[in-house]
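**Q** sequence plus predicted model, see below.
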Amino acid sequence: MNLPAEIPSLDVLVVAPHPDDAELGAGGTICKLLESGLRVGVVDLTSGEPTPHGTPEIRAKETEAASEILGLNWRGNLGLPNRELEPTLESRRLLASVMRLASPRWILAPYWEDGHPDHLAATLITEAARFWSKLTKSEMPGDPWHPERIYYYFCVHLKLTPSPAFIVDISAQWARKRAAIEAYQSQFVLNRPTDSPTLLDRFEIDAAYWGKAIGRQYGEPFASREPVGLESLQGLI
Ligand SMILES: [Zn+2]
């Protein structure tokens, strides 16, 4: 486990337990934020390996390809243990250090209810790190920083029917999100059934479901523990 060497200033930091979770849960919104000129980075907490058809080398290459498709400003990996991710003080310290150095206004984190223990741990690490990030008189690098909000994306290993706080219209970004997911060939394409609907088709069905809920083609849902504030009603659809 290591603090990545160079961490630039960001507007939005996406925390992902494994490389591919950010793409699955928030890929469209990431593209949209980047299109609006905001600086977006992803920090993967683990390598995501082992998996049945991946290797650390293959997964790293796929992650690089997906990051390029999204057009991320930065991506780092904390090298915490895959499958055994725990909300330890060390993982909290590492992620809080990333937050202090990147000083993001918003954090996107995995939803708090999940069947995957790594995802549950990632949520706890993120919430604790957000608090620690603002501590003064600390050994952590960077200046104290408190991200304004955490919004939670859905990349969930449970058959949930979530009630999101808001849904982002990603109709114009869907093709890029799908391409970024598809970059993870070892996870979603190779050795998977090719009969329709494929796994990729199922992701599209999900996006269409959330789009329908807001009268658009494709959508991406987010939850929030804190109330969502609006400057005006202008942005509502
Ligand atoms: Zn995951």
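**A** Received it, and whenever you're ready, just let me know what you need.
**Q** check contacts around Gly41.
**A** 7-8, 10, 12-14, 72-76, 102, 104 (Cβ atoms under 8 Å, 6 or more residues apart in numbering). (Each C-beta comes from the backbone N, C-alpha and C, glycine too.)
**Q** phi and psi next, for the nearest residue to it once chain neighbours are set aside.
**A** In this structure, Gly41 finds its nearest non-sequential neighbour in Trp74, 3.6 Å apart by Cβ to Cβ, 6 or more residues apart in numbering. Phi and psi for Trp74, reported as degrees, to the nearest 10, are phi -160, psi 150.
**Q** surely Trp74 is in contact with Asp11?
**A** No. The criterion here is Cβ atoms under 8 Å, and Trp74 misses it with Asp11 at 11.2 Å.
**Q** just the buried ones from the contacts of Gly41?
**A** Neighbour counting by 16 or more other Cβ atoms under 10 Å classes Ile7, Leu10, Val12, Leu13, Val14, Leu72, Asn73, Trp74, Arg75, Gly76, Ala102, Pro104 among the contacts of Gly41 as buried.
**Q** which of the residues you listed sits closest to Pro162?
**A** Among those, Val14 lies closest to Pro162 (Cβ to Cβ), at 18.1 Å.
**Q** any idea what that closest one is bridged to?
**A** Bridge pairing for Val14 (DSSP bridges) gives the partners Val42, Leu108.
**Q** picking that back up, overlap of the contact sets of Trp74 and Asp11?
**A** Joint contacts of Trp74 and Asp11 (Cβ under 8 Å, 6+ apart) are Arg39.
**Q** could you dump the buried ones among the contacts of Gly41 to JSON lines with secondary structure and distance to Gln187?
**A** Below are the buried ones among the contacts of Gly41 laid out as JSON lines (DSSP: H, G, I helix; E, B strand; the rest coil; distance: Cβ to Cβ, whole Å):
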{"residue": "Ile7", "secondary structure": "coil", "distance to Gln187": "26"}
{"residue": "Leu10", "secondary structure": "coil", "distance to Gln187": "26"}
{"residue": "Val12", "secondary structure": "strand", "distance to Gln187": "24"}
{"residue": "Leu13", "secondary structure": "strand", "distance to Gln187": "23"}
{"residue": "Val14", "secondary structure": "strand", "distance to Gln187": "18"}
{"residue": "Leu72", "secondary structure": "coil", "distance to Gln187": "18"}
{"residue": "Asn73", "secondary structure": "coil", "distance to Gln187": "24"}
{"residue": "Trp74", "secondary structure": "strand", "distance to Gln187": "22"}
{"residue": "Arg75", "secondary structure": "strand", "distance to Gln187": "17"}
{"residue": "Gly76", "secondary structure": "strand", "distance to Gln187": "20"}
{"residue": "Ala102", "secondary structure": "helix", "distance to Gln187": "26"}
{"residue": "Pro104", "secondary structure": "coil", "distance to Gln187": "27"}
